[in-house]
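**Student:** what follows is a predicted protein model with its sequence.
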Amino acid sequence: MARYVIAHYHEVALKGKNRPFFVDRLVANTRRALAEAGLRRASAVYNSILVELDDQAPWEVVQAGLQRVFGLANFARVERCPLELEAIKAAVQRVVEASTFHTFRISARRGDKRFAMTSDELNRELGAFVQSFTRAPVSLKQPDLTVYVEVLAREALVYGEKIAGPGGLPVGSGGRVAALLSGGIDSPVAAYRMLRRGCTVSFIHFHGYPFLDASSKQKAQELVELLDGYQGSSRLYLVPFGEVQRQVVLDAPEPYRTVIYRRLMVRLAGHIARTEGALALVTGDSLGQVASQTLENLAAVDAAAELPLLRPLIGMDKLEIIRQAEQIGTYPISIVADQDCCQLFMPRHPTTHATAAEMLQAEQHLDFDQLARFALDEVEVIDHGRGGRRKERRSLVPVGAGASAITPGGDG
Ligand code: ATP
Ligand code: MG
């Protein structure tokens, strides 16, 4: 015995000549999400994805898995049956008996017009049939239960409750980005939104260890582990930033520190992103949320970045971001108190109106090659995935004459 699930995607989202590519990705991602949930096979059929599961497959696990496959609009447990009225009735009865409801309706659709009855005739016939053994009233406008009957070329599919999928586009269909992940509330939500738009995401966290404890590193790992549920294989770079900050304190004017930290972060992240083949950086900035997120300061950070800086939360309120973090499940991890590197050497009166020209001036005494060595000589690279977690230390300092990881202007 097998069990079947039918998963639908948004037609509009996956239209155009890339459609086969999107659908292939979606099928592959569906397989990966259910690999440990009793999957037998999954394939693209009838403009949807048909999943075959072991009889024993635990439904809660299947459901949780599918809810992490971006690109799925909805899914349902489905009965497959031959193209005969009696067989369709039996399938309808199984669906009805597995549901609790007061009112219902039948929604039949002929994907193949060769079937002897029209959709209307099917609706009537099957509706009367359900009433014959349930006595339940029909409600066309607001039924508790809709029984869907899809008549196809070789079989019919019958299903009841549709469960909402996560929407968006299949991960892996939109190119790679590198997300700057703090231990805060915002950046994990920003990364989530890029995953949901089909990007593959690598993660970069800057930490103040050994000047601070390792709590922010721990949080970054937990956040990546959670977000990895959406992509199935994720790399996290843990970059030591404390010594870099100490040098900034020694060599640059105090009010500019915070913006300099950010500019150094995007330069260093840009270097890592390029080794990863990422096409953009992602941050959790939201306009005006804190002093460092004025339009002027954001522009001053942009000026230091060579790759596009994407800020998916830029127009969101804190409350909206928190609500989303709660839905994703990152919120409880994010609110655990940690020692974030941004708390290290904070200026008393940070600038809120930095210009790019001022910043270059403020950074003129920094030794960029030395700063890059401090940050990149011993980066911890952690690969999360189905095989568990692998960790290694790696130097990401470029070798060879004239090779520099970061430069004073745009990203080296
Ligand atoms: P978050 O809640 O994401 O920490 P925030 O509201 O605290 O954001 P900032 O501290 O100004 O705002 O950080 C803005 C963005 O810069 C973050 O969303 C993140 O993308 C990036 N960032 C800040 N600190 C770090 C860090 N230690 N490592 C990596 N990225 C960071
Ligand atoms: Mg923060």
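**Tutor:** Arrived safely. Ligands and ions are numbered 1, 2, ... in the order given.

**Student:** the longest helix seen in the chain packs against which elements?
**Tutor:** Ranked by residue count under DSSP state H, the longest helix found in the chain is helix 257-276. If you count contacts as 3 or more Cβ pairs under 8 Å, 6 or more residues apart in numbering; DSSP states H and E, helix 257-276 packs onto strand 176-180, strand 200-207, strand 233-240, helix 242-251, strand 280-282, helix 295-302, helix 356-362, helix 368-376. The way it works is simple: take the backbone N, C-alpha and C, and place the C-beta from them, glycine included.

**Student:** any idea which helix or strand comes after the second one?
**Tutor:** This points to strand 200-207. With elements assigned by DSSP states H and E, the helix or strand that comes after strand 200-207 is helix 215-228.

**Student:** which ones are touching the nearest residue to Cys199 once chain neighbours are set aside?
**Tutor:** Nearest non-adjacent residue to Cys199, counting by Cβ to Cβ, 6 or more residues apart in numbering: Gly174, 4.5 Å away. The contact partners of Gly174, by Cβ atoms under 8 Å, 6 or more residues apart in numbering, come to Met194, Arg197, Gly198, Cys199, Thr200.

**Student:** can you give me the helices for this structure?
**Tutor:** Taking DSSP H, the helices of the chain run over residues 19-34, 59-66, 85-97, 119-134, 186-196, 215-228, 242-251, 257-276, 295-302, 318-328, 331-334, 356-362, 368-376.

**Student:** what residues does the stretch 251-400 of the chain have near ligand 1?
**Tutor:** Met265, Thr283, Gly284, Asp285, Gln289, Val290, Ser292, Gln293, Asp340, Cys341, Cys342 (Cβ under 6 Å from any ligand atom).

**Student:** on that earlier part again, got the buried residues for the longest helix of the chain?
**Tutor:** Residues of helix 257-276 classed as buried: 257-274, 276 (neighbour count, 16 or more other Cβ atoms under 10 Å).

**Student:** list the residues that contact the closest residue to Leu227 other than its chain neighbours.
**Tutor:** Leaving aside its sequence neighbours, Leu227 sits nearest to Ala191 (Cβ to Cβ, 6+ apart; 5.8 Å). Going by Cβ under 8 Å, 6+ apart, Ala191 touches Ala179, Leu181, Val201, Phe203, Leu227, Val282.

**Student:** wait, Phe345 sits on Val248?
**Tutor:** Yes: here Phe345 reaches Val248: they are 7.5 Å apart, a contact under Cβ atoms under 8 Å.

**Student:** neighbour count winner among the two?
**Tutor:** Set side by side, Phe345 and Val248 show more neighbours around Val248, with 25 against 18, by other Cβ atoms under 10 Å.

**Student:** so how far is Tyr159 from the closest residue to the more buried one other than its chain neighbours?
**Tutor:** Nearest non-adjacent residue to Val248, counting by Cβ to Cβ, 6+ apart: Ile260, 5.2 Å away. Distance, Ile260 to Tyr159, using Cβ to Cβ, to the nearest Å: 57 Å.

**Student:** got it, and Ala190?
**Tutor:** Per Cβ to Cβ, Ala190 is found 36 Å from Tyr159.

**Student:** okay, those two: which has more neighbours?
**Tutor:** Between Ala190 and Tyr159, counted using other Cβ under 10 Å, the more crowded position is Ala190 (27 against 22).

**Student:** what score does Val12 have for pLDDT?
**Tutor:** Confidence at Val12, expressed as pLDDT, is 61.

**Student:** with respect to burial, which of the helices of the chain scores highest?
**Tutor:** Of all the helices of the chain, helix 186-196 has the most neighbours on average by mean count of other Cβ atoms under 10 Å, namely a mean of 26.

**Student:** could you give the angle of that helix to strand 233-240?
**Tutor:** Orientation check (axes from the mean of the first three to the mean of the last three Cα atoms, to 10 degrees): helix 186-196 against strand 233-240 gives 150 degrees.

**Student:** tell me if helix 186-196 is near ligand 2.
**Tutor:** No: residues of helix 186-196 are not located near ligand 2 by Cβ under 5 Å from the ion, the shortest gap being 6.8 Å.

**Student:** spatially central residue in this structure, please.
**Tutor:** In the chain, the residue lying closest to the centroid (Cα atoms, centre = their mean) is Leu195, at 3.0 Å.

**Student:** tally of neighbours for the nearest residue in space to that residue that is not next to it in sequence?
**Tutor:** In space, and not counting its chain neighbours, Leu195 is closest to Tyr230: 4.8 Å by Cβ to Cβ, 6+ apart. Residues within reach of Tyr230, counting by other Cβ under 10 Å, total 22.

**Student:** contacts only, for the closest residue to Leu287 other than its chain neighbours.
**Tutor:** Residue nearest to Leu287 in three dimensions, not counting chain neighbours: Ile314, with 5.4 Å by Cβ to Cβ, 6+ apart. Listed by Cβ under 8 Å, 6+ apart, the contact set of Ile314 reads Asp285, Ser286, Leu287.
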